[in-house]
Structures are given as structure tokens and as C-alpha cells.
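Novice: Okay, structure incoming, though there's no sequence with it:
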């Protein structure tokens, strides 16, 4: 007897190739210049000391996955200090772009909805205990390829200030 189907939570569903994966980028690490190609620096897709298990990204909300974050939600996630939240930006890359260069996108239900990891890009192989020149160079190449395929959704920059017209 069939009792009905059980549906997995969005966070546990496999990542599809057409899904956008977002990463919050810090202004001080990934300067934005729309005149350059690519418009942001490679640091946007390099691991930080917090990326021990892999590069952290988040799946973008879609018609199929309504529990994920919008770019604005990710930028303003409550666990981020105000000084970072005010100046950070958000970039997005298709999961297919990561897979085409040999990277694995793994679901990782964590503090933010839709959290995923790219395990091959991690801190220990980049600059930590396990790193070698070869592993560091490989991560730099992957990051460069990702940045070439990424879209800047929210440009990092100065915090918003009062934009009301000044009076003479």
C-alpha cells in the first residue's frame, strides 16, 4: 500500500547544473571594476580560513527551490557583522560551470539555506597544512575559471549614505 510520497527538503536535493551558486564577496578581497574583464578579482573564488571543508556558496532561490536565499538575503545574512554587510557584494556562477572544470558541488545543510561546498577549493590545500605549490596553483586556476563565468549580482562597494539632495 502506498502511503504517499515524502519530499526531501530543498537543502538535501542534488544540485542541478542550471542552478546559480552565489558567494558573498568582501570589498577588500575582491575589488569591483566594471571596466575590467572580469570585473572582480580572483579572490572572490579563493578560499578563506573559514573554508576548511571547501569553498562555501549558496544556491539561489528559484521557482523549484523556494527556501533558498535571494542575493539580497545572502548579502544581509544576520550572522555577518554590519561593517561587512554594508560593503560586501554577491557573485553567482552556474553549477554547470563548476562541474565542467572538474569540481564537485556538494550539498551542505548549514546555517544558511541552500549552503553548498566545492570541496576541491579549500583552505588547507590553498594555504594551510596540506598545501603544496601544485595544489595552490590548481586552486588559483579553478578560481580564475569560475570568475570568468561568474556574474556580479550585487557589486561590492561603499556603504549607502544619505542620498537626499543637498540644500544650497
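Specialist: That came in fine, so what should we check first? Keep in mind the model is a prediction, meaning the values are calculated, not measured.
Novice: In a strand, residue 117, correct?
Specialist: Yes - under DSSP: H, G, I helix; E, B strand; the rest coil, residue 117 sits within a strand.
Novice: which residues does it contact?
Specialist: 53-57, 105-106, 108 (C-beta atoms under 8 Å, 6 or more residues apart in numbering). No exception for glycine: its C-beta is placed from N, CA and C like everyone else's.
Novice: where does it land on pLDDT?
Specialist: For residue 117, the pLDDT comes out at 96.
Novice: Out of the contacts of residue 117, give me the one that has the most neighbours.
Specialist: residue 57 (29 neighbours; other C-beta atoms under 10 Å).
Novice: Give me the pLDDT for that one.
Specialist: pLDDT, residue 57: 95.
Novice: One more: residue 130?
Specialist: Confidence score, pLDDT, at residue 130: 78.
Novice: how much space between the nearest residue to it once chain neighbours are set aside and residue 57?
Specialist: The shortest distance from residue 130 to any non-neighbouring residue, by C-beta to C-beta, 6 or more residues apart in numbering, is to residue 124 (4.4 Å). Noted for residue 124: a distance of 18 Å to residue 57, by C-beta to C-beta, to the nearest Å.
Novice: residue contacts, residue 72?
Specialist: Taking C-beta under 8 Å, 6+ apart, one finds residue 154 in contact with residue 72.
Novice: how close does it sit to residue 105?
Specialist: 23 Å.
Novice: what does residue 119 give?
Specialist: 9 Å.
Novice: Where does the prediction get shaky in the protein?
Specialist: 1-8, 28-34, 36-39, 158-168 (pLDDT under 70).
Novice: just the strands in this protein please.
Specialist: Assigned by DSSP state E, the strands in the chain fall at 20-25, 55-59, 89-94, 105-107, 115-118, 151-154.
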